[in-house]
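Chemist: after the sequence you'll find the predicted model.
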Amino acid sequence: MKKNINALILAAVISLLIVAVGLGFLFGPANPVPWILIGVLIAIVVAYRWVSSRDRVEWKEAYSVGVDELDDDHKRLIELLNRFQTAYKYHTGEEFERQALNELVDYTKYHFEREEKMMEAADYPDLQAHKEAHRSMIAKVDEFQQEYQQHGHEALDGVARFLSDWLIEHINGTDKKYGPYISR
């Protein structure tokens, strides 16, 4: 609810500034007030984009595990996570939220299976612990889905942050360990 009010206030401020710019130009283009207000509008847009981009997860080469197929999976997971984050943050509607969450969960399960098969084929020594981390994550994500089924949009508060933190920590921690075994 707070995010909706903030968005409404921001839209109202921008609308008022646009009207003020229009009214300012009635006094002629030499009037400095509309130009100052245009600068304020631009600053608001730039600041908003900067604040919005902080929530996005961007792929960095430092996340690479050294296995192209799995790096591609991780990039796709980040893309799906950002899509889910957008669906939640901008209240795009229950259908889009549900679809974004389900795609993220389904691809996560697919990726975990694929990763585990590759680790098994490479005789990765810490496979069981890695599988357990995956199972634990899937259980947590299943809880999120059930909460969403019962309580809707509000149940997703904090889910995207948890998922992005977990994913990056998992890639940079446990996933980096299997890279040398699989890429041989």
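Modeler: That came in fine, so what should we check first?

Chemist: how does this structure divide up, domain by domain?
Modeler: Domain segmentation of the chain under automatic domain parsing yields 2-53, 61-182.

Chemist: and the helices in this protein?
Modeler: For the chain, the helices identified by DSSP state H occupy 2-25, 32-53, 68-89, 94-121, 127-151, 159-170, 176-182, in order along the chain.

Chemist: low pLDDT regions in the protein?
Modeler: Across the chain, the ranges flagged by pLDDT under 70 are 1-7, 52-54, 184.

Chemist: how close does the most centrally placed residue in it sit to residue 103?
Modeler: Within the chain, one residue has its C-alpha closest to the average C-alpha position: by CA atoms, centre = their mean, that is residue 82, at 2.8 Å. When CB to CB, to the nearest Å is the yardstick, residue 82 and residue 103 sit 12 Å from each other. Glycine gets a C-beta too; all of them are placed from N, C-alpha and C.

Chemist: any idea how far residue 130 is from residue 137?
Modeler: When CB to CB is applied, the distance between residue 130 and residue 137 equals 11 Å.

Chemist: what about those two, which has more around it?
Modeler: Set side by side, residue 130 and residue 137 show more neighbours around residue 130, with 20 against 17, by other CB atoms under 10 Å.

Chemist: ok, that one touching residue 174?
Modeler: Yes. Using CB atoms under 8 Å, residue 130 is in contact with residue 174, at 5.7 Å.

Chemist: what is in contact with those two at once?
Modeler: Common contact partners of residue 130 and residue 174 (CB atoms under 8 Å, 6 or more residues apart in numbering): none.

Chemist: tell me which of the helices of the chain sits most buried.
Modeler: helix 68-89 (a mean of 18; mean count of other CB atoms under 10 Å).
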